[in-house]
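Undergrad: Output the structure for:
(one chain, ligands or ions: 2)
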Amino acid sequence: MNKDIESILFTEAEIKAKVKEIGEQITKDFAGKNVVLVGVLKGAFVFLSDLVRCIDLDCSVDFLTASSYGKGAVSSGKVTIAKDVGGSLEGKDVIVVEDILDSGVTMTFLKKYLAERNPESISVCTLLDKPDRRITDVKADYFGFISPNEFLVGYGLDYAEKYRNLPYIGILKPEIYN
Ligand code: IMP
Ligand code: MG
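TA: Ligands and ions are numbered 1, 2, ... in the order given. Next up is the predicted model:
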């Protein structure tokens, strides 16, 4: 285990099983639809790459970069788009793929932003959900795990750009970010 990790919350095997489950559910729910998965960079890149291989549909993949976290562990509350989706979303069934839904500020902004592209529908799929931290009215249509109110890293989630490569999700030792 990485020396900066206090404990492992979700193992590689647990994540794998959960991602498969979500992929199968999406496959059922979106049969015959025109799906585009929009990954929120950078955090969602690992989750999306595993998830898309568990979805048995004709679908496309796009990305955008949204950022409300600077280097710190607390949201600045201001969302910016650094990289936008490349293709048209007109008439598409958009599934926004996130690593973690925390305050909800980012996803609330993104849903409004993407709705302006006239998609057929917008759904939210997040691997982790911290519902107790929510300050906006946004819900995940698909989620993997409810997360405790701790700072998590691994499987795409970072602190100051580190730990994204850990194959598990762990609780970061508070002394790293305090
Ligand atoms: P929100 O706008 O507060 O919901 O924040 C969402 C974004 O904050 C996520 O996409 C993550 O990139 C980041 N974030 C929130 N909680 C954590 C965490 O525990 N570890 C790493 N990143 C987090
Ligand atoms: Mg993120």
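Undergrad: in this protein, what secondary structure element scores lowest on mean pLDDT?
TA: Every helix and strand of the chain was ranked by mean pLDDT, DSSP states H and E. The lowest is strand 80-83, at a mean of 91.
Undergrad: Next one: whichever helix or strand comes after that strand, is it in contact with ligand 1?
TA: For strand 80-83, the following helix or strand on the C-terminal side (DSSP states H and E) is strand 93-101. Yes - counting by Cβ under 6 Å from any ligand atom, ligand 1 has neighbours in strand 93-101: Glu98, Asp99, Ile100, Leu101. For glycine as for every other residue, the C-beta is placed from the backbone atoms N, C-alpha and C.
Undergrad: check contacts around the residue of the chain found nearest ligand 2.
TA: Taking Cβ to the ion as the measure, the chain has Gly43 as its residue closest to ligand 2, at 3.3 Å. If a contact means Cβ atoms under 8 Å, 6 or more residues apart in numbering, then Gly43 has Glu98, Asp99, Ile100, Gly156, Leu157, Asp158, Arg164 as its contacts.
Undergrad: show me what contacts the fifth one?
TA: Under the criterion of Cβ under 8 Å, 6+ apart, the contact list for Leu157 reads Gly43, Asp99, Ile100, Leu128, Tyr163, Arg164, Ile169.
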